[in-house]
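A.B. asks: fold the stuff below for me.
(chains A and B)
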Amino acid sequence: MSQSRFLKAAATVVFTAATLISTTGCSSTVDGYEPDTFRINLQAEPPSLDWQTSTDSTSFDVVSNLMTGLTQYNNDMKCEPGCAEKWEVLDGGKHFVFHLRKNARWTDGKPVTAHDFEYAWKRLLNPATAASYAFFLYDIENAYEYNSGKIKDAELVGVKALDDWTFSVKLKRPAAYFLYLTAFCSTCPLRKDIIDKYGDRWTEPQNIVTNGPFKITLWKHEYKIELSANPHFFEGPPRLKKIKMFMIPEQATAFGLFENNQLDYIDNRSFPTADVERFRSSPLYRSLPLLRCSYIGFNVKKKPFDDKRVRQAFSMAIDRTLFPKILRRGERPAYTWIPPSLEGYSEESKSESDPQAARKLLAEAGYPEGKGFPLTKVLYPQREDAKLVVESVQEQIKKNLNVKLQLEVNEWKVYLDILHRDPPQMFRQTWGADYPDPETFMNVFTTRNGNNYTRWSNSEFDDLVDKASAEQNQKKRAAMYAKGDKLLCQDEVPIIPIYWATQNTMVKPWVKEIGFNAMDLQFFRKVYIEKPN
Amino acid sequence: MLALILKRLLTAVPVLLVVATLTFFLMRMVPGGPFDADKNLPPAIVANLNAKYQLDKPVAEQYVIYLTRLAKGDLGISYKYVNRTVLDILSEAMPVSLQLGSAALLLAVIIGVPLGTLAAVKRGTWLDVAAMFLSTAGISVPGFVTGAFLIFIFGIWLKILPVALWESPAHMILPALTLAFSPAAYLARLTRASVLEILEKDWVRTARSKGLSHWSTVMKHTLRNALVPVVTVLGPLTAILITGSFVVEYLYAIPGMGRFFVTAVTNRDYDLIMGTTLIFAALLIVTNAIVDVAYQILDPRMKVEG
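C.D. replies: All right, here's what the predicted structure looks like:
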């Protein structure tokens, strides 16, 4: 073949390929709006759709739309009737009796009964299930004992189906937050016959039965989940016919798909920081504060943070207003541990920046102008936001207290391992609410809680949290939590709350009735698609 | 040749055993475990989890349990993806990576080898300079930059190709190009160097002096000999490409197995780490055996010792 013929042939191949590429591409890219279909990005594969072994928000985003518990959250994070149409609280808050609605149905048409709840709750507590969220039910009589293997007989656990439509739950002690737990995915009912029949494969789309607004029709692992409307849902089938949940890990890619009308809704998982700033004024943009707080913790057993004046000085030396400017995702400065939207929040618990007072306190603690201050390590996980936060803390502490901090970064699991075994003097950590109640925040820093990496132990605080969690009078309860929060943020300072996270979203104009909530739970039962003009 | 293949397959067993042993103990030495999470679990629950996955047993006993299961073809279960076996996960992801990797390999060869040959034959001309500029760029520019660039041009700006996802053959084009870019560049450089070396050989001069045309000399007498080093790298390259690329799969949201090489480690998903490592090692052994066979076809003088 001569050179010119060779080049001519090559050019023909390239041209043909380019033509084929452009025509095949055109048919599948600019999809626009899809009638009655809602397309979102989960970002990752849900590790499990067994709602009793799920522990992560991705799985819960799917399960929240597949299942309904005894109660269900509305977008104000209040418990509404779910499978239970009403309930009674007896014995000073120690005994709950749930009356189930008779029109709640599984996707195969069978009724949802109290026996499904009894089976589910006992399975959740069964040590063989190895469910991480089994501790949610530890307030129930003999629940901890059964889950930890101290007793073997599940019949001793304080849950009982009195008949098909009545479910009784007896607690060890009153728990004011207990009702919230009945809306949580882990406590949703289960069908014994399905699990017996399919074993470990019961969550696959062809086997699973659910009782929520949608049912799962496709699960292409690591790629996509499709849900369709459940015609048996007790509120009536939702208006959406289909939800497509993609698993697109890269934010920029997901954002590109949103821009190309191939996704209808994106949130933080698909929203690069640069684009949050760019689109903040767009009519498609919405944001809302989340019940997730980032904080700097001190190991109070390690010098020099065994002296509360040093901890107080550090807290006063940090200007929380800087973090939203650095992180640029609409974060809100945190001055208390209890968020402003929950009971127990009090302006009086706030810990604000005062560098002058901070320097004075540090001098009183024996470190005037930071002199003689021991080498202090700050541990943080390998994440961009964590890095920016600790670098800012390092700079502010140097500027305001003349103390040098040494930053130590670690891969996520190594970081957790260090926190669990031997927390350093300072660390950066976050906490997200399990339910919209101050108890989920305050319990973290009680002596017995495994998430209390500060090693701080205060009997007054423990006592307040214990009493508040059982208190039925909301006013008294809020006062107790406010007192506890002041101990935590002003008086003892084992932690410095620094900012509250924000959910940044963009929604296509044809998506209607999409709700947002501070728990970041995604409920799509009321969403519908309206043809754009 | 059959004896060579059999010998290669037999030596694979001890090699895989060494790989399995090293990986097993190395991953256990890394701090952190599969159930370490943002929220620390109560000790009773950690005990239940460890008992369920037999992590409460001594490491040596866990190793024996693993090898016993492996001998029966059981690659274990995932600690992260509840109720899914490693075999489930890899058998769903591998065909996707295989498809994408094969397309990328094909592209890399049909772009890289002609480009390298052309550059060698036209040495010192603008064609050579342009080809080597492209290949240097291909080697130096990371996959995520190439991918992002291609997405922007063809997906967002021109809107002629899908931005991402794995729905139709059109969805394969950009990821395959991204994945092929760097190996094509490498193959182009390798081919160029090899062709230049062969062009200096006596038999090439003889062919020319016999009056064979320039391109006939290149195609018939040079390229076949110049391909030996190219084939050598094609072995490991094939194993790398068909087991997926974390970057490309991540960028284009492709459900392949490349991501598991990274996420299995970050999740401390022990059995999945073992599974991905062993499969990669096995593929490497197989592709290297194929390379050895290919040597003998390309140049019968080469006798590979088993």
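
A.B. asks: next secondary structure element downstream of the helix or strand of chain A with the lowest mean pLDDT?
C.D. replies: Within chain A, no helix or strand scores below helix A:3-29, which has a mean of 37 by mean pLDDT, DSSP states H and E. Downstream of helix A:3-29, the next assigned helix or strand under DSSP states H and E is strand A:37-41.

A.B. asks: count the residues that sit near A:V527.
C.D. replies: For A:V527, the neighbour count with other Cβ atoms under 10 Å in any protein chain shown is 22. To be clear about C-beta, it is placed using only N, CA and C from the backbone, and glycine gets the same treatment.

A.B. asks: now do the one 3 residues further on
C.D. replies: Neighbour count of A:E530, defined by other Cβ under 10 Å: 13.

A.B. asks: what about A:N65, which helix or strand?
C.D. replies: A:N65 is part of helix A:57-66, with elements assigned from DSSP H and E.

A.B. asks: and that helix, what does it pack onto?
C.D. replies: Judged by 3 or more Cβ pairs under 8 Å, 6 or more residues apart in numbering or on different chains; DSSP states H and E, helix A:57-66 is in contact with strand A:214-220, strand A:224-229, strand A:242-246.

A.B. asks: quick one: the strands in the stretch 201-350 of chain A?
C.D. replies: A:214-220, A:224-229, A:242-246, A:265-266, A:285-298, A:332-333 (DSSP state E, counting those that start in this stretch).

A.B. asks: could the helices and strands packed on helix A:57-66 be laid out in CSV, adding distance to B:G155?
C.D. replies: As requested, the helices and strands packed on helix A:57-66 are arranged in CSV below (distance: least, Cβ to Cβ, whole Å):
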stretch, distance to B:G155
strand A:214-220, 21
strand A:224-229, 19
strand A:242-246, 15
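
A.B. asks: in TSV: these, plus mean neighbour count.
C.D. replies: Below are the helices and strands packed on helix A:57-66 laid out as TSV (neighbours: other Cβ atoms under 10 Å in any protein chain shown):
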stretch	mean neighbour count
strand A:214-220	19
strand A:224-229	21
strand A:242-246	22
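
A.B. asks: take the ones you listed and lay them out in JSON lines including distance to chain B and mean pLDDT.
C.D. replies: Formatted as JSON lines, those follow (distance: least, Cβ to the nearest Cβ, whole Å; pLDDT from 0 to 100):
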{"stretch": "strand A:214-220", "distance to chain B": "7", "mean pLDDT": "96"}
{"stretch": "strand A:224-229", "distance to chain B": "8", "mean pLDDT": "97"}
{"stretch": "strand A:242-246", "distance to chain B": "7", "mean pLDDT": "97"}
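
A.B. asks: contact partners for B:R84?
C.D. replies: Taking Cβ atoms under 8 Å, 6 or more residues apart in numbering or on different chains as the criterion, B:R84 is in contact with A:221, B:77-78.

A.B. asks: most neighbours of all the residues you listed, which one?
C.D. replies: Counting neighbours by other Cβ under 10 Å, the top entry in the contacts of B:R84 is B:S78, with 25 neighbours.

A.B. asks: so where does the residue in chain B that chain A sits nearest to fall, helix or strand?
C.D. replies: When scored by Cβ to the nearest Cβ, chain B has B:G32 as its residue closest to chain A, at 2.9 Å. When elements are assigned from DSSP H and E, B:G32 belongs to no helix and no strand.

A.B. asks: export whichever helix or strand A:K387 is part of to CSV, keeping only CA atoms.
C.D. replies: Assigned by DSSP H and E, A:K387 falls within helix A:384-401. The C-alpha trace of helix A:384-401 is given here as CSV (Å, rounded to 0.1, in the frame of the first residue of the first chain):
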residue,chain,number,x,y,z
GLU,A,384,-10.0,18.2,52.5
ASP,A,385,-12.6,19.9,54.9
ALA,A,386,-10.9,18.4,58.0
LYS,A,387,-7.5,19.7,56.7
LEU,A,388,-8.8,23.2,56.2
VAL,A,389,-10.4,23.3,59.6
VAL,A,390,-7.3,22.1,61.6
GLU,A,391,-5.0,24.4,59.6
SER,A,392,-7.3,27.3,60.6
VAL,A,393,-7.3,26.2,64.2
GLN,A,394,-3.5,25.9,64.1
GLU,A,395,-3.2,29.4,62.7
GLN,A,396,-5.6,31.0,65.2
ILE,A,397,-4.1,29.3,68.2
LYS,A,398,-0.6,30.5,67.1
LYS,A,399,-1.9,34.0,66.5
ASN,A,400,-4.0,34.4,69.7
LEU,A,401,-2.1,32.2,72.2
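
A.B. asks: quick one, that helix and strand A:285-298 angle?
C.D. replies: Helix A:384-401 runs at 60 degrees relative to strand A:285-298, counting by axes from the mean of the first three to the mean of the last three Cα atoms, to 10 degrees.

A.B. asks: quick one: low-confidence ranges for chain A?
C.D. replies: In the predicted model of chain A, residues A:1-31 satisfy pLDDT under 70.

A.B. asks: with adjacent residues omitted, what lies nearest to the residue in it positioned nearest to chain B?
C.D. replies: Of all residues in chain A, A:K413 sits closest to chain B, at 2.9 Å by Cβ to the nearest Cβ. Spatial nearest neighbour of A:K413, excluding adjacent residues (Cβ to Cβ, 6 or more residues apart in numbering or on different chains): B:G32 at 2.9 Å.

A.B. asks: fine, thanks again, bye for now.
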